[in-house]
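Colleague: give me coordinates for this.
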Amino acid sequence: MKTCKITVLKMARYDDLIAQYENPIEHACDMEIGRVFYSENGEKPDGFCDSAWNSVGRYVSELACGGGNFFDGWMKDEYSAMISCDDGFRPVTFYIEVVD
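Modeller: Predicted structure coming up:
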């Protein structure tokens with residue numbers, strides 16, 4: 001299986017939605033722009049958010065197994081994917097690429 005590099009590219013925060021809909025929470029996200037994770041054998045890297053993994057895991061697994069070309073040519077590099085976590089208040093965008 002191939003190793004995948006997962007890079008945090010963008011983070012958004014919708015304070016208006018948080019104020020209107022979210023119950024207060026102390027700590028929501030540990031991600032930082034530029035942070036890099038490596039997935040071996042399609043497995044969730046240590047320290048990677050469980051919720052974010054639910055969004056990106058299937059793409060990592062497919063790339064680790066040699067797949068790609070998601071959605072018929074969506075990415076310039078067919079062995080990569082741009083996926084955001086499903087947190088509607090603080091979405092994080094990840095770039096996933098095969099590194100070996």
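
Colleague: name the helix or strand for the residue of the chain positioned farthest from its centre, please.
Modeller: Most distant from the centre of the chain: Gln20, at 25.9 Å, with distances by C-alpha atoms, centre = their mean. Assigning secondary structure by DSSP states H and E places Gln20 in helix 15-21.

Colleague: all strands of this structure, in order?
Modeller: 4-11, 36-39, 80-84, 92-98 (DSSP state E).

Colleague: list the buried residues of the helix holding Gln20.
Modeller: Ile18 (16 or more other C-beta atoms under 10 Å). Glycine gets a C-beta too; all of them are placed from N, C-alpha and C.

Colleague: give me the most central residue, this structure.
Modeller: Centre-nearest of the chain using C-alpha atoms, centre = their mean is Phe94, 4.0 Å out.

Colleague: right, and Met82 touches Met75 too?
Modeller: Yes: between Met82 and Met75 there is a contact under C-beta atoms under 8 Å: 6.8 Å.

Colleague: would you mind measuring from Glu32 to Val8?
Modeller: Note on Glu32: its distance to Val8, by C-beta to C-beta, to the nearest Å, is 6 Å.

Colleague: my error: substitute Asp15 in the last question.
Modeller: Asp15 is 20 Å from Val8, where distance means C-beta to C-beta.

Colleague: try Asp30
Modeller: 10 Å.

Colleague: neighbour-wise, which of the two wins?
Modeller: In this view Asp30 and Val8 are compared by other C-beta atoms under 10 Å, and Val8 has more residues nearby, 19 against 10.

Colleague: give the contact list for that one.
Modeller: Contacts were defined as C-beta atoms under 8 Å, 6 or more residues apart in numbering; by that measure Val8 touches 31-36, 92-94.

Colleague: any chance of those residues in TSV, plus pLDDT?
Modeller: Shown next, in TSV, are the contacts of Val8 (pLDDT from 0 to 100):
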residue	pLDDT
Met31	94
Glu32	95
Ile33	97
Gly34	98
Arg35	97
Val36	98
Val92	97
Thr93	98
Phe94	98
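
Colleague: sort out which of the residues you listed are buried, if you could.
Modeller: 31, 92-94.
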